[in-house]
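K.L.:
any chance you can model this:
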Amino acid sequence: MTRLTSEAVLFRSRGNSDSGKVSFIELFFDLIFVFAVTQLSHSFLKNFTWEGAIQLGLLTMAIWWVWIFTAWVMNWLNPETFRVRSMLIVLMLIGLIMSASIPEAFEKSGLYFASAYALFQVGRTAYTVWVLRKGARELRINFIRILSWLILSGIFWVAGGIAHEQTRLALWCIALFIEYIAPSMGFWLPKVGRTPTKVWNVEGSHMAERCGLFIIIALGESILVTGATFAELEWNLLMLSSFATVFLSTVAMWWIYFDVTAKTGHHFIAHSTDPGRVARSAYTYTHLLLVAGIILSAVADELLLAHPVGHLDTKTAAVILAGPALYLLGNMLFMRIVAGVVSAPYIAGLIMLVILFPFATSISPLLLSIIATVTLIVVSLWGSVFTERLCQTKPLLDHHKTETESL
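P.N.:
The predicted structure follows:
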């Protein structure tokens, strides 16, 4: 019998019926990010200012990036082996420190957050380079390129953790810019060149399922926040109406992604001749907008339950509308990348939310939330019909090939 620690089984299989299956250790690993997402929304509620919004955006980008890079690594490594499981458990410990530092990341815990983040990114990638020492040469060189970029960004992360206030923000923005631009450049290095997406031999089903599970994590955090807040309030007709609105909004978000977007994406990446390109553009980048939209919606839910009526200030109105808007924008861009179409339901929903904004402060928080929720429900139902018609009128694979050739 082949031992699970042998070099041959350190890599995820390809082409088998269960090669895209998400393992239990990966689900266990994701629990760290349930905590991280909760920390993000709560930290913004404590610092509900425009400055807090900027900080929320930066930290959300960081948390998503550390997770998606790990998802990429696990697309190649076999989670059933001791070495890979050990790596994930160590990363969980580092991730707990990173997540616990989020509320004070721009104050006294900045160095803890930055050090944990940099160690997470650099350590995981360095370990992967070591594991790939007997693997495919091109893939190993690709991770060496990635490691070089992450070491560079890590310098700015740690320097920002040492610095204070605006200097910290500036240095962390530079670090994120380095990390976010790197995949689009193929992790180019002088004299070494860049990695073509063909080298990223992605197991499409695994990548699609992993990203879908992170959306579930974010939506689950919204459910937890809603339930915990509602349980502490006095139950009356007004509060029950607010609670129902919040719940239906979350259900509509789930429906939009899993009944429309995820199905289309799973089909395309599973049948793509260049799944690495689809994974980089559609999953790595656009899902950040989905996660950000859900986090903002969770914040809006807490604000609504706390004050369903009364004066609505500009910041609260912006959060109530920005959450669904970012979510629809992310879904729209995803469909454009994978299917080569601009989804009419998403466009209509975005237009409706933009039109609402000038009038938002003149109505109550509950009424504004009801209108935003109805918009999401209409988009979810219309989107299902739109996708069915798309599948019937145009072969999906033909669209994908056309889109791939044009990128």
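
K.L.:
can you say which helix or strand has Leu305 in it?
P.N.:
helix 286-306 (DSSP states H and E).

K.L.:
list the buried residues in that helix.
P.N.:
Neighbour counts over helix 286-306 (16 or more other CB atoms under 10 Å) mark 286-305 as buried. All C-beta spots, glycine's among them, are computed from the backbone N, C-alpha and C.

K.L.:
excluding residues flanking it in the chain, which one is nearest Leu288?
P.N.:
Trp64 (4.9 Å; CB to CB, 6 or more residues apart in numbering).

K.L.:
just the element for that neighbour, please.
P.N.:
helix 50-74.

K.L.:
pLDDT weak spots in the stretch 51-200 of the chain?
P.N.:
Residue ranges of the stretch 51-200 of the chain with pLDDT under 70: 199.

K.L.:
what's the nearest residue to Ser41 if we skip its chain neighbours?
P.N.:
Among residues not flanking Ser41 along the chain, Ala298 sits closest, at 4.7 Å (CB to CB, 6+ apart).

K.L.:
which residues touch the residue nearest in space to the middle of the chain?
P.N.:
In the chain, the C-alpha nearest the mean C-alpha coordinate belongs to Leu288, at 4.0 Å (CA atoms, centre = their mean). By CB atoms under 8 Å, 6 or more residues apart in numbering, the contact set of Leu288 is Thr60, Met61, Trp64, Gly330.

K.L.:
if I read this right, the first one contacts Ile294, doesn't it?
P.N.:
It refers to Thr60. No - with contacts counted by CB atoms under 8 Å, Thr60 stays clear of Ile294, the gap being 10.1 Å.

K.L.:
next, count neighbours for Thr314.
P.N.:
Using other CB atoms under 10 Å, the number of residues around Thr314 comes to 11.

K.L.:
how near is Ala62 to Thr261?
P.N.:
Here Ala62 is placed at a distance of 24 Å from Thr261 (CB to CB, to the nearest Å).

K.L.:
re the thing from before, next, count neighbours for the residue nearest to Leu288.
P.N.:
Neighbours of Trp64 under the rule other CB under 10 Å: 24.

K.L.:
circling back to that earlier point, per-residue confidence averaged over the helix or strand just after the helix holding Leu305?
P.N.:
Downstream of helix 286-306, the first helix or strand assigned by DSSP H and E is helix 314-339. Helix 314-339 shows a mean pLDDT of 93.

K.L.:
by how many degrees do helix 314-339 and helix 50-74 diverge?
P.N.:
Following axes from the mean of the first three to the mean of the last three CA atoms, to 10 degrees, one obtains 30 degrees for the angle between helix 314-339 and helix 50-74.

K.L.:
and the angle from helix 314-339 to helix 286-306?
P.N.:
For helix 314-339 against helix 286-306, the angle by the same axes, to 10 degrees is 150 degrees.

K.L.:
for helix 314-339, name the packing helices and strands.
P.N.:
In terms of contacts (3 or more CB pairs under 8 Å, 6 or more residues apart in numbering; DSSP states H and E), helix 314-339 is packed against helix 237-256, helix 262-271, helix 286-306, helix 344-356, helix 365-393, helix 396-406.

K.L.:
which of the residues in that helix are buried?
P.N.:
For helix 314-339, burial by neighbour count (16+ other CB under 10 Å) applies to 316-339.

K.L.:
low-confidence regions, the stretch 201-350 of the chain specifically.
P.N.:
Those would be 267-276, if you go by pLDDT under 70 across the stretch 201-350 of the chain.

K.L.:
excluding chain neighbours, what is closest to Arg189?
P.N.:
In this structure residue 189 is Leu, not Arg. Using CB to CB, 6+ apart, the nearest residue to Leu189 is Arg145, at 5.4 Å.

K.L.:
from memory that neighbour sits against Pro190, does it?
P.N.:
No - Arg145 lies out of contact with Pro190 (CB under 8 Å); the separation is 10.9 Å.

K.L.:
more neighbours: which of the two?
P.N.:
Using other CB under 10 Å as the criterion, Arg145 and Pro190 rank with Arg145 on top: 21 against 5.

K.L.:
now the more buried one: how far from Val379?
P.N.:
40 Å.

K.L.:
coming back round to it: wait, which of the helices and strands packed on helix 314-339 is closest to Arg12?
P.N.:
helix 262-271 (14.9 Å; CB to CB).

K.L.:
domain assignment for this structure?
P.N.:
20-199, 204-406 (automatic domain parsing).

K.L.:
now the ones you listed as TSV including distance to Val9?
P.N.:
Output for the domains of the chain, formatted as TSV (distance: least, CB to CB, whole Å):
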stretch	distance to Val9
domain 20-199	6
domain 204-406	16
